[in-house]
Structures are given as structure tokens and as C-alpha cells.
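Student: Everything below, folded, please.
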Amino acid sequence: ESVSRMLGHTSIRTTQIYAKVLEKKVSEDMGRLKERLCGNEADNLAIAQS
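Tutor: Have a look, this model is predicted:
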């Protein structure tokens with residue numbers, strides 16, 4: 001509610017739309033980070049075995 005007022009939204013529903021988009025973006029970004037970290041672990045293991 002506070003964020004809604006700060007943004008000047010007259011309806012909380014408008015703010016909730018942005019919240020859903022942010023949750024999706026965070027989820028996508030975390031997935032990409034996980035892929036990068038897992039890739040680095042595989043690279044490190046391959047180097048260690050050389």
C-alpha cells in the first residue's frame with residue numbers, strides 16, 4: 001500500500017501488476033545465475049582433473 005501511494009497509483013491493483021512482473025524477472029535472473037554457477041563448477045572440476 002505504501003509503495004502504491006508513493007508511485008501515485010489510485011488502485012492497489014496497478015501496483016500489484018508491477019509486483020508480478022518483478023517476481024517473474026527475479027525468478028528468471030536467479031535461473032540464469034544458477035546456470036552460470038553450475039557451468040563454472042563443471043569448468044573447475046575439469047581443470048582440477050587435468
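
Student: what bits of the protein have low per-residue confidence?
Tutor: 40-50 (pLDDT under 70).

Student: So which residues of it form strands?
Tutor: When assigned using DSSP state E, the chain turns out to have no strands.

Student: quick one: the helices in it?
Tutor: Counting by DSSP state H, the chain has helices at residues 2-6, 12-49.

Student: For my notes, please list those in JSON lines and give mean neighbour count for each entry.
Tutor: Where you see a C-beta, it was placed from the backbone N, CA and C, and this is true even at glycine. Shown next, in JSON lines, are these (neighbours: other C-beta atoms under 10 Å):
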{"stretch": "helix 2-6", "mean neighbour count": "11"}
{"stretch": "helix 12-49", "mean neighbour count": "10"}
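
Student: Would you check how far apart Glu28 and Gln16 are?
Tutor: 19 Å (C-beta to C-beta, to the nearest Å).

Student: can you check Leu37 too?
Tutor: 31 Å.

Student: do Met30 as well
Tutor: As for Met30, its distance to Gln16 is 21 Å (criterion: C-beta to C-beta).

Student: Likewise for Val26?
Tutor: 15 Å.

Student: try Leu33
Tutor: 26 Å.

Student: and stretch 27-38, C-alpha only, in PDB?
Tutor: Backbone C-alpha positions of stretch 27-38 (Å, rounded to 0.1, in the frame of the first residue of the first chain) are rendered in PDB as follows:
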ATOM      1  CA  SER A  27      12.900 -15.900 -11.000                       C
ATOM      2  CA  GLU A  28      14.400 -15.700 -14.500                       C
ATOM      3  CA  ASP A  29      17.500 -13.900 -13.200                       C
ATOM      4  CA  MET A  30      18.000 -16.500 -10.500                       C
ATOM      5  CA  GLY A  31      17.700 -19.300 -13.000                       C
ATOM      6  CA  ARG A  32      20.400 -17.700 -15.200                       C
ATOM      7  CA  LEU A  33      22.600 -17.200 -12.200                       C
ATOM      8  CA  LYS A  34      22.200 -20.900 -11.300                       C
ATOM      9  CA  GLU A  35      23.100 -21.900 -14.800                       C
ATOM     10  CA  ARG A  36      26.300 -19.800 -14.700                       C
ATOM     11  CA  LEU A  37      27.300 -21.100 -11.300                       C
ATOM     12  CA  CYS A  38      26.700 -24.800 -12.300                       C
END
